[in-house]
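[1] Turn this into a model:
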Amino acid sequence: MLIWFTTLSVASAHEVMPAIADLRAEEGTVTVSVRASIESFVAGVDLSRVSDTNESAQAALYDALRALPPETLSVRFASFWPEMAERITLRAGETDLDLTLQSVSVDPVGNPELVRFSLFEFTAPLPEGAHTLQFGWAPEYGALVLRQMDVPAPFDAFLDNGSITDPFPLAGGGETSGVETFLDYIPVGFDHIVPKGLDHILFVLGLFFLAARFRPLLIQVSLFTVAHTITLALAALGYTRGIEMWFADTLGVAFIDVVEPLIALSIAYVAIENIFMKGISPWRPLVIFIFGLLHGLGFASVLAEFGLPDATFVAALIGFNVGVELGQLAVIAVMFFFVWQALRVDRGENEVVQSLWVYAVFFVAGAGVLWAFGQEVAAVLSYPLAVLDVPAVLFGVSMCVMAVLCLFSVLLRDTVDAYRRFVAVPASVVVAAIGLYWFIQRSYGTISGI
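    Below you'll find the predicted structure:
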């Protein structure tokens, strides 16, 4: 369970999502409309350092702001605006523009398990003779998707870590090329797996633990990839909108709220099958393909939050999917690196002493991480399930647990299927338990919504 750097991938109340800014320039005025979770801004959460607001020292204030009525939060944000405006860059040529907040619209207090979004709009007067603009904001406000509106060949960009756009023409024509868009969306897809995709990571690890050999792993991952690529493309192109509307109109629940429990169930299924099966069963390829279709819908919900650029839609979609695949391969590579000594000993291909030293070092490293984050460990001890929300603690716990399991496998190497008994099966039990927990939790949330 080498998943230390991950957090929940559902659009949960605490997940950090990118802001989306639509920019228009007309009649001497620039207008920017931003859709974001403004509670994180007001609370002072540094979004460049966390992927989940629970990791921040301001987590309690963030939660308190989420519970405020829309009118009250709007007033709080208006009071905070002068501080935020100082950290936003809107530049025409060489001139930094003065920003004025025009409106704030906050969604009602709804499902406490989901992010609440707000829309705020600000304007700035354009100096005479201005032909280009630059936009950016401070890194603590997190990632931003910028979209130029109402012009031919509009400019768009994905800004992260406090980056600022290159100058782009006010009248349009600054459209990002397909190659640039493709490259921009690769890290977006990768980020959705590592560090934000714990449920997708667990599913891939479930495939890995069935048999850490190339052929069965290739078959499973290939089927999963093909399946989620199909539904990701269909959803991104709008072909699933009819199904989404049927769920909303007939059941009164968002389609993704039905998909997410099924994704959790897919995690539990592959892990449980690992416990009882030593190889690929006749039905497993079909099951993996079906579950891959569900995971593709989950990926599509993330792209819906970003809003893919129209002109370079295909490039963005392919780039995102490539990033997802690279993230999945990274997870498999890291896990294989961790267990390969135990695998080689189980197959009689490596020295035992060397393996014992390797896993002793891993255990000490994991313990060192837990010692360094003692405050977070103390919080987790009071509520163990919180470990899923604290990457540093998850990092240390995962290293220690996997080191112990692999040590048992090495020490008891004369036992038949030592690696499977002492590493693959126990790890699959943990994956299955998390999957079942999420299935119950998400199903309850969906049923409550209905």
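
[2] Now do the lowest-mean-pLDDT helix or strand in the chain: everything it contacts.
    None of the helices or strands of the chain scores lower by mean pLDDT, DSSP states H and E than helix 374-382, at a mean of 77. For helix 374-382, contacts defined as C-beta atoms under 8 Å, 6 or more residues apart in numbering pick out 370, 386-387, 390, 392-393, 396. No exception for glycine: its C-beta is placed from N, CA and C like everyone else's.

[3] Now, of those residues, which are buried?
    Buried residues within these, counting neighbours by 16 or more other C-beta atoms under 10 Å: 370, 387, 390, 392-393, 396.

[4] Just give me the closest of those to F182.
    Nearest to F182 out of the buried ones among the contacts of helix 374-382 is A392 (C-beta to C-beta; 33.0 Å).

[5] contacting residues around the closest one?
    Going by C-beta under 8 Å, 6+ apart, A392 touches 4, 369, 372-373, 376.

[6] swap in A330?
    190, 193-194.

[7] Pipe the residues you listed into a markdown table and attach distance to V16, secondary structure and pLDDT per row.
    A markdown table is the format used below for those (distance: C-beta to C-beta, whole Å; DSSP: H, G, I helix; E, B strand; the rest coil; pLDDT from 0 to 100):
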| residue | distance to V16 | secondary structure | pLDDT |
| --- | --- | --- | --- |
| F190 | 15 | helix | 88 |
| I193 | 15 | helix | 85 |
| V194 | 14 | coil | 81 |
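
[8] Most neighbours among those, please name it.
    Top of these by neighbour number is I193, holding 24 neighbours under the definition other C-beta atoms under 10 Å.

[9] How about that residue: what's its closest non-neighbour residue?
    Take I193 and drop its neighbours on the chain: the residue closest to it by C-beta to C-beta, 6 or more residues apart in numbering is G327, 2.7 Å away.

[10] Please give the element, helix or strand, for V401.
    Assigned by DSSP states H and E, V401 belongs to helix 391-411.

[11] Output that helix in CSV, but only the C-alpha positions, please.
    Presented in CSV, the C-alpha positions along helix 391-411 are these (Å, rounded to 0.1, in the frame of the first residue of the first chain):
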residue,chain,number,x,y,z
PRO,A,391,-0.5,12.3,3.0
ALA,A,392,2.5,12.6,5.3
VAL,A,393,1.1,10.1,7.8
LEU,A,394,-0.1,7.9,5.0
PHE,A,395,3.4,8.0,3.6
GLY,A,396,5.0,6.8,6.9
VAL,A,397,2.4,4.2,7.7
SER,A,398,2.5,2.7,4.2
MET,A,399,6.3,2.4,4.3
CYS,A,400,6.3,0.8,7.7
VAL,A,401,3.5,-1.7,7.0
MET,A,402,4.8,-2.7,3.6
ALA,A,403,8.3,-3.1,5.0
VAL,A,404,7.0,-5.4,7.7
LEU,A,405,4.9,-7.5,5.3
CYS,A,406,7.9,-7.9,2.9
LEU,A,407,10.2,-8.8,5.8
PHE,A,408,7.8,-11.6,6.8
SER,A,409,7.8,-12.8,3.2
VAL,A,410,11.6,-12.9,3.1
LEU,A,411,11.9,-14.5,6.6
